[in-house]
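Novice: sequence-free structure coming up:
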């Protein structure tokens, strides 16, 4: 196989990895308020730390996932979902939707933690 003919397979691999990692972070974001509601604040802090680490990675990379740049090596496409298996509408609004959910979850856990300390 030539390098050129490997490109679709490599792009699929990057998209699959990107989607799996995205699912991990979405799971963390959704689990944070659940952990807080169960008063499992240590778990909420661990999950928050994981998401904050991802935020730092994005910030260092000009708010782009490094996998987006990697996927760009294997295709000329540049639709908002060219690098991940998400519907276009979700890929377009991903940071807004999950950033808001993360922020609300963090505030909820903070409030629950503060009220549990009284």
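Specialist: Nice, thanks for sending it over. Predicted, not measured: the structure shown is a model, and the values here were computed from it.
Novice: which elements pack onto the helix with the most length in the chain?
Specialist: As assigned by DSSP state H, the longest helix anywhere in the chain is helix 3-37. If you count contacts as 3 or more Cβ pairs under 8 Å, 6 or more residues apart in numbering; DSSP states H and E, helix 3-37 packs onto helix 41-60, helix 66-72, helix 88-116. The way it works is simple: take the backbone N, C-alpha and C, and place the C-beta from them, glycine included.
Novice: in it, what counts as buried?
Specialist: Buried positions in helix 3-37, judged by neighbour count with 16 or more other Cβ atoms under 10 Å: 11, 14-15, 18-19, 22, 25-26, 28-29, 31-33, 35-36.
Novice: want to throw the helices and strands packed on helix 3-37 into a markdown table with distance to residue 4 and mean pLDDT?
Specialist: Output for those, formatted as a markdown table (distance: least, Cβ to Cβ, whole Å; pLDDT from 0 to 100):
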| stretch | distance to residue 4 | mean pLDDT |
| --- | --- | --- |
| helix 41-60 | 30 | 98 |
| helix 66-72 | 16 | 96 |
| helix 88-116 | 26 | 98 |
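Novice: wait, which of those is closest to residue 5?
Specialist: Residue 5 lies closest to helix 66-72 among these, at 17.2 Å (Cβ to Cβ).
Novice: tell me which residues are up against that closest one.
Specialist: With contacts defined as Cβ atoms under 8 Å, 6 or more residues apart in numbering, helix 66-72 is touched by 11, 14-15, 17-18, 21, 57, 61, 78, 82-84.
Novice: buried ones in that helix?
Specialist: Applying 16+ other Cβ under 10 Å to helix 66-72 flags 67-68, 70-72 as buried.
Novice: can you put those residues in a markdown table and add distance to residue 45?
Specialist: A markdown table is the format used below for these (distance: Cβ to Cβ, whole Å):
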| residue | distance to residue 45 |
| --- | --- |
| 67 | 26 |
| 68 | 29 |
| 70 | 31 |
| 71 | 32 |
| 72 | 35 |
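Novice: just the closest of the residues you listed to residue 93, please.
Specialist: Closest to residue 93, out of all of the buried residues of helix 66-72 and judged by Cβ to Cβ, is residue 68, at 15.8 Å.
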